[in-house]
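Student: structure for the following, please:
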Amino acid sequence: MLGIGLVIAFTIGAYLIAAYIRLFSMRNLVKESFSTIEVYLQNRFEALTEVAEMVIAYAAHEHEILALVHRIGAGLSDHHSPVEKLTKYVEMEKYLHSINVQADYYPELKASDPYIKLQQRINILEENLSASRRIYNENVTSYNSMISTFPNFLFAGAIGFKSEFLLKMEGAKRADVNWTVS
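Tutor: Predicted coordinates for the structure are as follows:
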């Protein structure tokens, strides 16, 4: 009887250890996926800022908006939650978009080689962001499913595994990315 009890206790212990390792690995995969999105968002922000600086050379009155964007960007830190970071990026990009719209008034700027290369870079970053968002959401869905299914839900929350948020784009495929969290 004691032997059966030890075998059962060992089996349950081994299962719990294996489940913990799987959950820990999935949570790290979600964090890594979000970090990739963050890198692409930062690169996109930098490219949009370069475009805005080009436009500002033509429209000096937009300088105050760019200064505001830089102040918001400087306030980003690792201490912010993913939702706070995404919100700040969206806020910065709205300001940049208002500057970039001005580029339409300067055909010589739009025809310049640096401007064209920046637009190509931004398009590539948009594609990378879209792919990264898909990967992140797949990882989050797998992770959230794992922590909410039996028997994992019995202990996952108690040892610190919380469900993660999914990223969704507002509207259909748009050039100006707006993120929402669900």
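
Student: and the gap between Gly160 and Met1?
Tutor: Distance of Gly160 to Met1, computed by Cβ to Cβ, to the nearest Å: 35 Å. Just so you know, the C-beta spots here come from the backbone N, C-alpha and C atoms, and that holds for glycine as well.

Student: out of these two, which sits in the busier spot?
Tutor: Shown here are Gly160 and Met1; by other Cβ atoms under 10 Å, Gly160 has more neighbours (9 against 5).

Student: for the more buried one, phi and psi?
Tutor: Note on Gly160: its backbone torsions stand at phi 100, psi 10 [degrees, to the nearest 10].

Student: ok now the longest helix seen in the chain, how far from the chain's centre?
Tutor: With secondary structure taken from DSSP state H, the chain has its longest helix at helix 2-58. Relative to the centre of its chain, helix 2-58 is centred 11 Å away, using Cα atoms, centre = their mean, to the nearest Å.

Student: now the residue lying closest to Arg22 once chain neighbours are set aside: which helix or strand?
Tutor: Counting by Cβ to Cβ, 6 or more residues apart in numbering, Arg22 lies nearest to Met146, which is 6.8 Å off, once chain neighbours are set aside. Taking DSSP states H and E as the definition, Met146 sits inside helix 113-148.

Student: just checking, what packs against that helix?
Tutor: Applying 3 or more Cβ pairs under 8 Å, 6 or more residues apart in numbering; DSSP states H and E, one finds that helix 113-148 contacts helix 2-58, strand 167-169.
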